[in-house]
Structures are given as C-alpha cells and as structure tokens.
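*Asks:* Requesting a structural model of the entry that follows:
(chains A and B)
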Amino acid sequence: MKGKKIIFRILRYKPSVIDPPRFQDFEMSVTDTMSVLECLEEIRKEQDSTLIYRKSCHHASCGTCACIINGKERLACITKVADLDNHIVTLEPLRGFRCEGDLAVSEDWSPLRNVDRGKATDGRDDQKSATRFEDCIECGACLSACPAAHGGNTFMGPAALAAIHNEIEKSPDKRESLLSLAGGPDGEKWCERALDCSRVCPSGVYPARHIAELRKLLGR
Amino acid sequence: MEHIIIIGGGGTGAALAHDLSLREFRVSLYEKGGLVSGTTGRHHGLLHSGARYAVHDPKAAMECARENAILRTIAPDVIEQNGGLFVAIDDSDVEYARILIDHCRQCEVPAKEIDAVLALSMEPALNPNVKCAIEVSDATINAWRLPLQFFATARARGAEIHPFSEVTGINTGTGIVTGVRVFDHKKHRESDVSGDIVVNATGAWAGAVSLMAGISLPINPAPGAMVAVHERLTDRIINRLHSPGEGDIIVPQRNLTILGTSIWQKDDPDSYDLPREHIHRLIDLCSEMVPSVRDTTVHSAWSAVRPLLGKGETDNLWQASRDFRCFDHYTTDNIEGIISVIGGKATTMRAMAEETADLICTKTGRNIACRTNTEKLLNYRLFYKDPL
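*Replies:* I've put the predicted structure just below:
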C-alpha cells in the first residue's frame, strides 16, 4: 500500500546527550488507516532505533502513549495521521512530567496517590453486582494541557480533583477529608477555568465538570 | 544473595521480578522499550476461567483456573470481576456444551449450564436466538496495571527495573553465561552487567535473545488481531460455545468492547501488518453472539504476538498448546547460567514466574518457598513513587 509522504517532527531529548532538546524530522509514507503510534513504531524500526516513547495497549486503555500532537494532547494509538490533515506532524512530550527521553515521560501521579481511591473499579448504577474500571486512564493529558498546572505552584491538577469528586460520590464517609484536600492549598483554588482538561481528555472524564461540582460542595 | 538478571519487561518479567525479590534475590530487569510494550499490554484483557482450554489443553485449563483465583485475590483493584458466559448460537454449539461441561469438571474449572432465558436476562445484548449458555469465572484484567502492580511491589523490595535498556549481548565464559551487555537508550551508553543467572523472559522475542548466547529456542511468534469498538455492550465476557477458533471472544472493558481474535504466523514479532480482512471477520463473527457489535463504530484495531511454544508441531494453530516451559539451558544446551521461560499467556504470568523462580532456587541451592500466591500486590501508582 502506497501512502502519503508525511514529515514527523519529533522533539528529541536525552539528558546530557541530546540536550537542550531539538526537533528532528523523519519522513515516511503513511496509509489512511495508520495511527501516529504505528508511525512511531515504523520510524523506530526502520530509521532510528534510539527513538524512545511509551506505549502498551494500542486501544486507549493504558494511557501510556499520550503526547502533544500538533500542539494538542492526544493518545498516539488512536490518533489517525489522516485525520490530522497536515503533512507535518509535530510530536512533543507531555508538559508537567519529568521527561525520561524523547516522548517518554515518567508518570509521577503523586497527586492521585494522595486521593487514595481505595478501588480502581466502580460499581454500576443499573446493575449493582457488575464492576468496571474508572473512566480515568491516568494518561496525564489533562495535567499537561492545564495552564494553571505549570506556574511553579503545587496545584494537584484536574485528574486528581476529578478523582476526589468521584471518590466523594462513591464513599460519602470520606467526604470531609476529601473536601479539605480539594479546598486546600494544592487544590481547586488554582484552577483558571480554562477547560482545556475536558477538551483533551481521551476518556470522557470531563475533569472541568468535576471541578465545578467540587466548587459547589465547597460553597465557592 | 545471587544476582538474577531478567531480560524482558512484560507480564512474565514483572511477575518474576516480584517473585524473586520476595525470595530476597538481587534482581535487575532490562526492557528494550517502555515497560509492558510487547504482548502483555496489547492483550484483550481476558482473565481466563480455563474453560477455553478444557477440551484440548487440560494442563493450560487447570493452570488458568488456579491463576484466575489467585490473581483475583492478590490484585483485585485491576480486575473487573464480572464473570463470563459461553453462548450456544447453533445446534453444533449445543452439542459442544455437554463436552465442555464434562471437560471443565475433569479440569476442576467451575462451569454451570444455564438456559437461554436466564442468559438473556443476565446479558440482554446477547443474540435473542441464543440456545443455552455456560457460566464461568472469566474476568477482565487491566493489562497495563496488573504488570505495573507486580513491578511496583518488586521495586518496593529493591528490584531494579530498567526500561529503555536493550540487551545487546549475552556475555559468556567457557560454557557459562556471566552477564549481559546493555545499551541504555536514555543515556546512549553501553555497559556490561554481571549476574549469576540470566533469565530470558522476552516472550515472542525469546528466539532472537537466546541466539545471542548461541541457543536455538522452539518459539513460534503467532500474532492475533483485536478490535475495540465504542460502547460497552455487556457486563460479562462472552465466548462462543465451540472449539476455540476465530472471533469467538468478546471482552468488555471500561467503556469499550474488545473483539478477539485471529491467528497467523510471523518470523519477525516486530512487524505490525494487520490484515484488514481480519477486522471485518472479527466483527462478523462476534456479532453472531452480540448483534449490536455491528452497530458500533471501530475505536481501534491492533495485533498482539502470542509466544507459542513449539515450532510446526500442529497444523491447526488454535489447537497449539498455550502451556509454558522453563528451559534450563544447562540441561538442554550445556550452557550454564541461563534460563528461558516461554509460552504461556497473560493469565498464567504469576505461575510462569513461580516455576522459573523455583528452578533458580534449585540451581542456586536455596530452599525458599514461593509466596506470590498470597502476597497482595501494591497499587500500580506506587511504581512511580521514586525516580527510576
């Protein structure tokens, strides 16, 4: 299958090797059905085996391949190159996480750890006996896109606030301690209502809505 | 304690790092890419009850049943524990029901026959012409978070986990492996690491890795296609009540439904060409069980490479054993200090680790019992608690 020639402009960075970061272009022929992740796989295999990025499930379930694609946080595995409608695809690592190299960031979810969700699965309303994983896949896209999360402050970010709100609904007995976390020095007060978190979330969590609900509960 | 080097950061490597660190070995694990970036993470997420293998692969069936119960106990947070159904759609499926029930009983795989009315009340999205069903204890694993729980627990006990660190050579003396040469993709630096035993836990990639020590392994990389469609159509796993074949597994997961799978053979596990016709066939076949599969939109399609054991031993790849084997290469190739663990499946990752760690204990003269069947795993988020 012959495809369209696309330039992948990837921000390369290896601590003290490619440092400071710089863009490097890779050209390849892309078919209509190829995802950005499949292109990265081919570039690593055919052009540069030192390119590093994270990936695991290939179906938007693990969240590891989130990166900034043409300026917007997306999952590489479900982003079709054809849908980007551009012959240059720019790839950068998520902001707000420690970059381990190229597109690979370390997912330090310390804010989420403090939430102590107890269970990563939810009961369903319509069928009490069935359980399912929470919608949040912890990909980090919302934190990267949030303008309030990069000012050198201690803001826990949208995913953690959404998790706190979910947890309050699931476990009302923890309401007071969770609300004080949300209303505390690292919490909701930093949110600038930019709504970018909801715009980039690939998993339908809509963190901004949860933050608005938390504000109501906090009487703010 | 002896220093054990694990090559491969998938499910097997993760479970082995946990098992060995629990037995207080010194552990270093090297993965050429990101963690869980090979077969395990791409798996459809089915935690097998064992029923799928009961008729033609009883050993794998019994292993699955045992491991299913253990994983539910040690990692409940990363498993949707909703059970599964094998559904009969035509008369030959109904005939197979009796055979499957009998074999499940022999393999001690819990299985209960239920009628069509009950099956439809449990899962309203099933084909309304369903004839009967067998209820089993399938579940959905979060294929990324389960290995990460093993890694998190191993790290907390001192195991060193190195993603983006490619083993480029296996260092040998006269008839003995002394360690590995590792290229660190983050630092662009190559170095030698010495160890007492090297374990090749690289799944479908095990053939290429063992060749670095001059060892040939009977590994058969056999990819399968998977399709995720938007919407969760069922609570439970739905399987076709027939002899294992194409397009007969539906795995609900979070907001998605995953359809599996197909099978073909490939020498190079790194090639990703997914035959497009497999996608259409999976949708056709799975919609016989759950008709609304056809009305959903495709979210993603991909392939994962099974590490089948044995080369060319069966014409029907669906009948190939999903069992695993631990090779002590001193016994098989007269090379000391290297072990390969190949075959198996995501459901049996802990058991593969147990058998491998038992072999390591035998080889090192240690008498330390395995505890991974009861030791609760730490939350996956703790993996990132300290910088790697």
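
*Asks:* for chain A, what's the longest strand?
*Replies:* For chain A, the strand that runs over the most residues, judged by DSSP state E, is strand A:18-30.

*Asks:* buried residues in it?
*Replies:* Within strand A:18-30, the residues scored as buried using 16 or more other C-beta atoms under 10 Å in any protein chain shown are A:18, A:26, A:28, A:30. Where you see a C-beta, it was placed from the backbone N, CA and C, and this is true even at glycine.

*Asks:* what angle sits between whichever helix or strand comes after it and strand A:18-30?
*Replies:* Downstream of strand A:18-30, the next assigned helix or strand under DSSP states H and E is helix A:36-46. Inter-element angle recorded for helix A:36-46 and strand A:18-30: 100 degrees (by axes from the mean of the first three to the mean of the last three C-alpha atoms, to 10 degrees).

*Asks:* Give me the contact list for helix A:36-46.
*Replies:* Contact with helix A:36-46 is made by A:6, A:8, A:10, A:26, A:28, A:30, A:51, A:53, A:55, A:58, A:65, A:69, A:74, A:76-77, A:79-81, A:84, A:89, A:91, A:103, B:270, B:272, as judged by C-beta atoms under 8 Å, 6 or more residues apart in numbering or on different chains.

*Asks:* thinking again about what came up before, let's have the buried residues of strand A:18-30 in JSON lines, adding distance to chain B and pLDDT.
*Replies:* Converted to JSON lines, those look like this (distance: C-beta to the nearest C-beta, whole Å; pLDDT from 0 to 100):
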{"residue": "A:Ile18", "distance to chain B": "8", "pLDDT": "96"}
{"residue": "A:Phe26", "distance to chain B": "16", "pLDDT": "98"}
{"residue": "A:Met28", "distance to chain B": "14", "pLDDT": "96"}
{"residue": "A:Val30", "distance to chain B": "13", "pLDDT": "96"}
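
*Asks:* Check which helices and strands the longest strand of chain A sits against.
*Replies:* Contact analysis of strand A:18-30 by 3 or more C-beta pairs under 8 Å, 6 or more residues apart in numbering or on different chains; DSSP states H and E lists strand A:4-14, helix A:36-46 as its packing neighbours.

*Asks:* Tell me which of the ones you listed sits nearest to B:Pro252.
*Replies:* Of all these, it is helix A:36-46 that lies closest to B:Pro252, at 23.2 Å by C-beta to C-beta.

*Asks:* Does A:Ile7 have any beta-bridge partners, and if so which?
*Replies:* Under DSSP bridges, the beta-bridge partners of A:Ile7 are A:Glu27, A:Ile88.

*Asks:* Quick check: pLDDT value at residue 66.
*Replies:* With no chain named, the answer covers chain A. For A:Ala66, the pLDDT comes out at 97.

*Asks:* wait, I meant chain B there
*Replies:* Note for B:Arg66: predicted pLDDT of 97.

*Asks:* Could you tell me how many residues sit around it?
*Replies:* 18 (other C-beta atoms under 10 Å in any protein chain shown).

*Asks:* need the contact list for it.
*Replies:* Counting by C-beta under 8 Å, 6+ apart, B:Arg66 touches B:Ala351.

*Asks:* buried ones in the helix or strand harbouring it?
*Replies:* For B:Arg66, the element it lies in under DSSP H and E is helix B:58-74. Within helix B:58-74, the residues that count as buried by 16+ other C-beta under 10 Å are B:58, B:60-68, B:70-71, B:74.

*Asks:* for stretch B:164-175, same thing?
*Replies:* Going by neighbour count (16+ other C-beta under 10 Å), the buried part of stretch B:164-175 is B:164-167, B:170-172.
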